[in-house]
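**Q** Need coordinates for the following:
(one chain, ligands or ions: 2)
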Amino acid sequence: MLSLLVPRPWRSYNFASVSHVGNQDEMSRSRSFLPYLLTLVPRRVTESMPVVRMLRPVACWMLQSPACGCRASVLPSRLLGTSPRQIPMDANFHSTSFSEADQQRVLITGGLGQLGVGLASFLRKRFGKDNVILSDIRKPPEHVFLSGPFIYSDILDYKNLREIVVNNRITWLFHYSALLSAVGEANVSLARAVNITGLHNVLDVAAEHGLRLFVPSTIGAFGPTSPRNPTPDLCIQRPRTIYGVSKVHAELMGEYYYYRYGLDFRCLRYPGIISADSQPGGGTTDYAVQIFHEAVKNGRFECNLRPDTRLPMMYIHDCLRATLEVMEAPAESLSMRTYNISAMSFTPAELAQEVLKHIPELQVTYNVDPVRQAIADSWPMNFDDSNARKDWGWKHDFDLPELVTTMLNFHGSESRVAQAN
Ligand SMILES: NC(=O)c1ccc[n+]([C@@H]2O[C@H](COP(=O)([O-])OP(=O)(O)OC[C@H]3O[C@@H](n4cnc5c(N)ncnc54)[C@H](O)[C@@H]3O)[C@@H](O)[C@H]2O)c1
Ligand SMILES: C[C@@H](O)[C@H](N)C(=O)O
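**A** Ligands and ions are numbered 1, 2, ... in the order given. Take a look at the predicted model:
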């Protein structure tokens, strides 16, 4: 039937090659050829053929998808079929056009957590203090409030988010709001709202206004059936926490918006992040931050994971640098939208051993929290980040010895300042 509708020169095309797995050239030619054919079928014919009518918008979308090497704004998005709630029919034409050399205007959501303040200060060095706006639903401490622009933003309030993006001419959005693994299990409905509904709002605002969007994922996006040592980028992802489920959802939705609407979505799966001047927000890897505070303050530390629990970890400076690097990477260097990044991997016993080299009197005891332990036992032990290294040149600076020295230097100088006051 289809052959009757196909213009003569193309009738001899080998349609069987569509399912021919071995030949990539052949496959990609078929992929772009079939949709093109469907767009040529006269509309009066498609109206009388339900299958062709259904396939037409999909064909248009495939033709303009970034995977086909075309800019997503080649065709108006009304050809794409049903738009999500907030995306107007001509969404892609709202995009602020900017070249890499242009000044970015940055918004960070959930910026008062463990990572956001550090990210703001890192990005302000790159883009200027007034071009990076930190936001959260909490009241900022004075030093944060004085350090640069801060604004209230609840990601569950779509209009509030859109107003901020419009009024401040935002071009890049770093979406940090989330409930982490342990607090998420303690309040599943809130975690579902913030991590899933909130993400939907962010995706829609970003797509509507042509933003480049960064959403962090996590080692927690993997589960007990994933390969754990090492864990590659692409493998089974069946996490058993609401946090992990929401992050897999974020990875897939971001990738979907990339192909469907041309949203410039970029995502890194962070390991447990260790920071000196900010507190963790209720995760499974928090022990690796708390040990430094406790070691310097009390000389004692009670760990809530078993001594042999191996997890991937990273110093915050590496994490923030990777985040900026992937955001600045040329689009053509990214073969994926979501990458694992890795630096080191250790157990509580190994971390304690390294700290003991500096504080020999430190006493470490173990009092296992069953919820956190079950989560940790389902997460990767080592992270394979070879794609990030190959595609955009990711390279970590901090291994375990440098991490421990840096953390103890910070806390040592902090406690000396406290004693002097
Ligand atoms: N810290 C880590 O080890 C780690 C590891 C992997 C991934 N990540 C990811 O990085 C991001 C930042 O992590 P973090 O450690 O800073 O988290 P955090 O828990 O310390 O901070 C999250 C922030 O989100 C804010 N928030 C909550 N509900 C909100 C809402 N409705 N609107 C706006 N903000 C809201 C909170 O007030 C909080 O300040 C998260 O997405 C997290 O999943 C963190
Ligand atoms: C690993 C990460 O996503 C976070 N620190 C948690 O433990 O929940």
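**Q** Specify the local secondary structure of Pro380.
**A** coil (DSSP: H, G, I helix; E, B strand; the rest coil).
**Q** Could you give the number of residues near the one residue in the stretch 101-250 of the chain that gets nearest to ligand 1?
**A** Here the stretch 101-250 of the chain gets closest to ligand 1 at one residue, Gly113, 1.9 Å apart by Cβ to the nearest ligand atom. All C-beta spots, glycine's among them, are computed from the backbone N, C-alpha and C. Look at Gly113: counted by other Cβ atoms under 10 Å, it has 21 neighbours.
**Q** in a helix, that's where it is, yeah?
**A** No. Applying three-state DSSP, one finds Gly113 to be coil, outside a helix.
**Q** what about the closest residue to ligand 2 within the chain, neighbour count?
**A** Using Cβ to the nearest ligand atom, the closest approach of the chain to ligand 2 is made by Gly283 at 2.4 Å. For Gly283, the neighbour count with other Cβ under 10 Å is 24.
**Q** Surely it and Ser181 touch.
**A** Yes. Using Cβ atoms under 8 Å, Gly283 is in contact with Ser181, at 5.1 Å.
**Q** quick one: pLDDT of the residue of the stretch 101-250 of the chain closest to ligand 1?
**A** pLDDT, Gly113: 98.
**Q** same deal with Ala101?
**A** Ala101 is assigned a predicted lDDT (pLDDT) of 44.
**Q** do the same with His411
**A** 89.
**Q** Get me the contact residues on the stretch 101-250 of the chain for ligand 1.
**A** Counting by Cβ under 6 Å from any ligand atom, the positions of the stretch 101-250 of the chain adjacent to ligand 1 are 109-110, 112-116, 136-138, 153-156, 176-178, 180, 194, 198, 216, 218.
**Q** From the residues you listed, which land in strands?
**A** When DSSP state E is applied, those are split such that 109, 136, 218 fall in strands.
**Q** show me the contacts for the second one.
**A** Going by Cβ atoms under 8 Å, 6 or more residues apart in numbering, Asp136 touches 109-113, 116, 150, 152-153, 177.
**Q** Need the buried ones from those residues selected in PyMOL.
**A** Buried members of these, defined by 16 or more other Cβ atoms under 10 Å, are picked up in PyMOL with:
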select buried, resi 109+110+111+112+113+116+150+153+177
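**Q** For the contacts of Asp136, could you give me TSV that also reports distance to ligand 2?
**A** Formatted as TSV, these follow (distance: Cβ to the nearest ligand atom, whole Å):
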residue	distance to ligand 2
Thr109	16
Gly110	13
Gly111	16
Leu112	16
Gly113	10
Gly116	14
Phe150	24
Tyr152	25
Ser153	22
Ser177	13
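**Q** Rebuild the contacts of Asp136 as TSV, extending it with distance to Ala329.
**A** Below are the contacts of Asp136 laid out as TSV (distance: Cβ to Cβ, whole Å):
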residue	distance to Ala329
Thr109	22
Gly110	23
Gly111	23
Leu112	27
Gly113	25
Gly116	22
Phe150	28
Tyr152	32
Ser153	27
Ser177	24
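**Q** Return the residues in contact with the closest residue to Leu123 other than its chain neighbours.
**A** With sequence-adjacent residues excluded and distances taken as Cβ to Cβ, 6 or more residues apart in numbering, Leu123 is closest to Val132, at 4.6 Å. For Val132, the contacting residues are 106, 108, 120, 123-124, 148-149, by Cβ under 8 Å, 6+ apart.
**Q** residues touching the closest residue to Tyr158 other than its chain neighbours, list them.
**A** Nearest non-adjacent residue to Tyr158, counting by Cβ to Cβ, 6+ apart: Asn201, 4.5 Å away. Asn201 makes contacts with 155-158, 161, as judged by Cβ under 8 Å, 6+ apart.
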